[in-house]
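> what follows is a protein structure lacking sequence information:
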């Protein structure tokens, strides 16, 4: 294959890595030569498979007719193989997303009926399966490649657990992670819905509670989303899961002061 056409299977490999749930989040974390190397490996596999398919089509009964039509449209050697590699990258990625997980009992059933209803339910089923497969892939990639802080943030978001965050300026927050972690290499921030906020004493580092948001959120006229904080990962000095009952029983009196106790 001419060198100028190698860009097509390389594009197919890149699309496969970024669309397929099995490799998507790993590809998001990669950049530079590593991403190029992994895209090249995928491109080599796609190129081999595409060449086999093209040869198989040529020896089929309709092969000579298809070849004549293609040569009349684009008389460039090996262009069909390159285009086939790009198409395979897209088709195989979406096929993997669909087939990697068997339907669960919660998936909407496929019922007989008018074509419009069948198509609508099928699209909804595809989106549901794709979303669940994406979540499974993200879980796997975070467990395999995420650092300790990212794994903690992801676990707290997934299980809806409270997390305690101490920043480099000694500010202290307890709250819920407000969005899923995407493993985008450019993502340097995360969002937190605070339940408690305060700071750590500069000498003892004991937590001093300044604000409790529990009663505020119970007000139906208050939109809790306006309290969501955007925090930088680089500013996090310490993080851990937070259990309100354990904190109140064992730590609130002995190791923490409250600047505004009536807020609780």
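Yep, it's here. If you're wondering where the values come from, they're calculated on a predicted model, not measured in any experiment.

> so what's residue 174 up against?
Shown in contact with residue 174 (C-beta atoms under 8 Å, 6 or more residues apart in numbering): 162-165, 194-197, 242. The C-beta positions use only the backbone N, C-alpha and C, and glycine is treated the same way.

> actually residue 227, sorry about that
Residue 227 makes contact with 193-194, 213, 216-217 under the criterion C-beta under 8 Å, 6+ apart.

> how near is it to residue 212?
Note on residue 227: its distance to residue 212, by C-beta to C-beta, to the nearest Å, is 12 Å.

> scan the chain for its longest strand.
If you go by DSSP state E, the chain has its longest strand at strand 189-200.

> give the rounded mean pLDDT of the next helix-or-strand element following that strand.
Following strand 189-200 in sequence order, the next helix or strand is strand 207-212 (DSSP states H and E). Average pLDDT, strand 207-212: 89.

> which secondary structure elements does strand 207-212 contact?
Packing contacts for strand 207-212, counted by 3 or more C-beta pairs under 8 Å, 6 or more residues apart in numbering; DSSP states H and E, involve strand 189-200, strand 256-258.

> return the set of buried residues in that strand.
207-209, 211-212 (16 or more other C-beta atoms under 10 Å).

> next one: the helix or strand following that strand to chain centre, how far?
Next helix or strand after strand 207-212 toward the C-terminus (DSSP H and E): helix 214-217. On the basis of C-alpha atoms, centre = their mean, to the nearest Å, helix 214-217 sits 31 Å off its chain's mean C-alpha point.

> and what of stretch 202-211?
Here stretch 202-211 is found 35 Å from its chain centre; the criterion is C-alpha atoms, centre = their mean.

> can we start the residue count at 846 from this point?
Understood, numbering begins at 846; the last thing we discussed is stretch 1047-1056.
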